[in-house]
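**Student:** Show me how the following folds:
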Amino acid sequence: MRKPRAYIFRKLGAVTFWSLFGFMFLVVLVNIVSSSNSNANADEEIVFEINSTTQPAAIEFAKDYAKEYFTWVNDDLEDRELRVQPYLATGIDVGNLDLAGMGWNATLVGSALEEVNEISSNKSHIILSVNVKLTRVVTTGQGKNAKEEEETENLEKYFAVPVATDGESYGVYNKPYFTNVDKEVTVANTGVDKHLDGIDSEYAEEETNIKNFLPTFYESYAMDTQDKLSYVLDDPDVVGLEETMNFVEVKSTEVYQGRYANEFIVANTVTFEEPTSQLTFDNDFLILVEKSSNRYIVKTLNAEPIVEEMTGYTVETESDIDEQDLEQLENQEESEKEESDSESSGENEMNN
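**Tutor:** Alright, predicted model coming up:
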C-alpha cells in the first residue's frame, strides 16, 4: 500500500530535525569541555626553581660573615676564630688570613654587594666590595725622641664569599678570596677534585710541566696588563688583579685529567700579599689548563662547573656524608689548623 506524500515529508522533516539537533548538541558539548580544560590549565601554577644562594638572605649571610672575617684585635685572635666558625661548612678551615706578627687591628667599615655568580643550583660566589680600617701602634724616633703613634691604613677590596645551601641553612663552603668586579670569579678548590681521575700514565710528564708553568701564570695574573695576561689566560671575562695583590708562591698543586687528552684540571693553593699591609692570603683555585702547540694556557679560572659536569658532584649535607669521610674532613681541618699554628709559632720565634 502506498503511503501518502504528506506522511513521507513529515518523516523526512523529523529525521532532519533530530540530526541537526544532535549536531548542535555535540558542538555545544565540545565547547564546554574545551573551555573547562583551558580554565584548568590557566589555573595551574607555574613553578620556577630559584637558587636561594642568589637571594637577599644569602647576601646578608655573606655580609655578616665578612664583618666577622675583617674584624679582629691583634691581642685576641682566638675571638675572631670563634666568631667566624659558625659560618663555615664542615671541613672548612677558619681562615686563610695570616695575622700573626703583623700587629694590625682591623674593623670592617662597610660592605656592599657587587655581583652574585651562580655556580650551580645550590651554590654561588657572592662578591662584596669591602672597606676595612687597619690600625696598629708603631714606635717612631730613637732614644729620648722615641714615641708611639697609631698607624692607620684603609683597604678597599673586592671580596668573594663562596656560599652553599643544603635547603636548611647557608654555609661558607670554601675559603673566601679577593677578586675584581665585572670579571669572572676565580673559583677556589671546593673539594670536588677528590672525585676526579689522575692523569693518564702516558701524560704523566705533563704534571711536572704544569707545575713549572703555574708560577709564571699567577705572577702575570697578579701584575700584568690585560694584553700581557692574554698570553697565558684565554678567558675574556677575567681581568687580572693589576697590582692590587702581589704573587708570593704556589703552595700546593694537584693535577687531574680533564675531558680531553690535552686538557687538565688543576687544584692549587696560591699565596698572595696585600701590598699596603703586607698581609698574606692563601687562595684555593680550581682552574682549567690546556696544552696547545707545546705551550700551556689557562682556559678558565672557574673550572668548578666543568668538574661538576664531569663528576656529578654537588654539595652534601652533613647527614649525607659517610661517617668515615666526615671524620676524615674533621681530622684534616684539625691538621691544617695545627700546621698553621706551628708555622705562626716558628715565625714568631724567628722574629724574636
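
**Student:** use CA for all of it now, contacts and neighbours both
**Tutor:** Will do.

**Student:** Neighbours of L108, how many?
**Tutor:** Using other Cα atoms under 10 Å, L108 has 19 other residues around it.

**Student:** meant to ask about T244
**Tutor:** Using other Cα under 10 Å, T244 is surrounded by 18 other residues.

**Student:** What segments of the stretch 201-350 of the chain are helices?
**Tutor:** 205-223, 226-229, 304-311, 323-351 (DSSP state H, counting those that start in this stretch).

**Student:** worst average pLDDT in the ones you listed?
**Tutor:** Confidence, taken as mean pLDDT, is least for helix 323-351 of these (a mean of 58).

**Student:** Got the confidence number for the nearest residue to V266 once chain neighbours are set aside?
**Tutor:** What sits nearest to V266 in space, not counting adjacent residues and going by Cα to Cα, 6 or more residues apart in numbering, is V255, at 4.6 Å. pLDDT for V255: 91.

**Student:** Ok, the one 5 residues further on next?
**Tutor:** Y260 carries a pLDDT score of 88 in this model.

**Student:** Phi and psi next, for it.
**Tutor:** Note on Y260: its backbone torsions stand at phi -130, psi 170 [degrees, to the nearest 10].

**Student:** need the contact list for it.
**Tutor:** For Y260, no contacting residues are found, by Cα atoms under 8 Å, 6 or more residues apart in numbering.

**Student:** Quick check: it vs D98, distance?
**Tutor:** 38 Å (Cα to Cα, to the nearest Å).

**Student:** Over to N262?
**Tutor:** Counting by Cα to Cα - N262 and D98 are separated by 37 Å.

**Student:** same question, K228
**Tutor:** Distance from K228 to D98, by Cα to Cα: 30 Å.

**Student:** Can you verify my assumption that the residue nearest to V266 contacts L286?
**Tutor:** No - using Cα atoms under 8 Å, V255 is not in contact with L286, being 9.9 Å away.

**Student:** residues shared between the contacts of these two?
**Tutor:** 265-267.

**Student:** roughly how far apart are the closest residue to N268 other than its chain neighbours and T300?
**Tutor:** Nearest residue to N268 in three dimensions, chain neighbours excluded: T253, at 4.3 Å (Cα to Cα, 6+ apart). According to Cα to Cα, T253 and T300 sit 16 Å apart.

**Student:** Show me which of the two is the more surrounded one.
**Tutor:** T300 (23 against 17).

**Student:** residue contacts, that one?
**Tutor:** By Cα under 8 Å, 6+ apart, T300 lies in contact with 233-235, 287-289.

**Student:** could you redo the last one with a cut-off of 7 Å?
**Tutor:** 235, 287-288 (Cα atoms under 7 Å, 6 or more residues apart in numbering).

**Student:** Output stretch 163-173 as CSV, restricted to C-alpha atoms.
**Tutor:** Output of stretch 163-173 as CSV, limited to C-alpha atoms (Å, rounded to 0.1, in the frame of the first residue of the first chain):
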residue,chain,number,x,y,z
VAL,A,163,78.1,30.3,49.8
ALA,A,164,76.2,27.0,49.6
THR,A,165,72.9,25.7,50.9
ASP,A,166,71.5,22.2,51.7
GLY,A,167,68.0,23.6,51.8
GLU,A,168,68.1,24.1,55.5
SER,A,169,70.9,26.6,56.1
TYR,A,170,73.7,28.5,54.5
GLY,A,171,77.4,27.8,54.8
VAL,A,172,80.7,29.2,53.5
TYR,A,173,81.8,26.1,51.7
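
**Student:** what about it, average pLDDT?
**Tutor:** The pLDDT scores in stretch 163-173 average 92.

**Student:** quick one: contacts of it?
**Tutor:** So stretch 163-173 is in contact with 53, 58, 87-89, 92, 122-125, 161-162, 190, 316-317, going by Cα under 7 Å, 6+ apart.

**Student:** Apply 6 Å and report the result again.
**Tutor:** 87-89, 122-124, 162, 317 (Cα atoms under 6 Å, 6 or more residues apart in numbering).

**Student:** Check those residues for burial and list the buried ones.
**Tutor:** 87-89, 122-124, 162 (16 or more other Cα atoms under 10 Å).

**Student:** Looking at the residues you listed, which gets the smallest pLDDT?
**Tutor:** Comparing these by pLDDT, A89 comes last, at 89.
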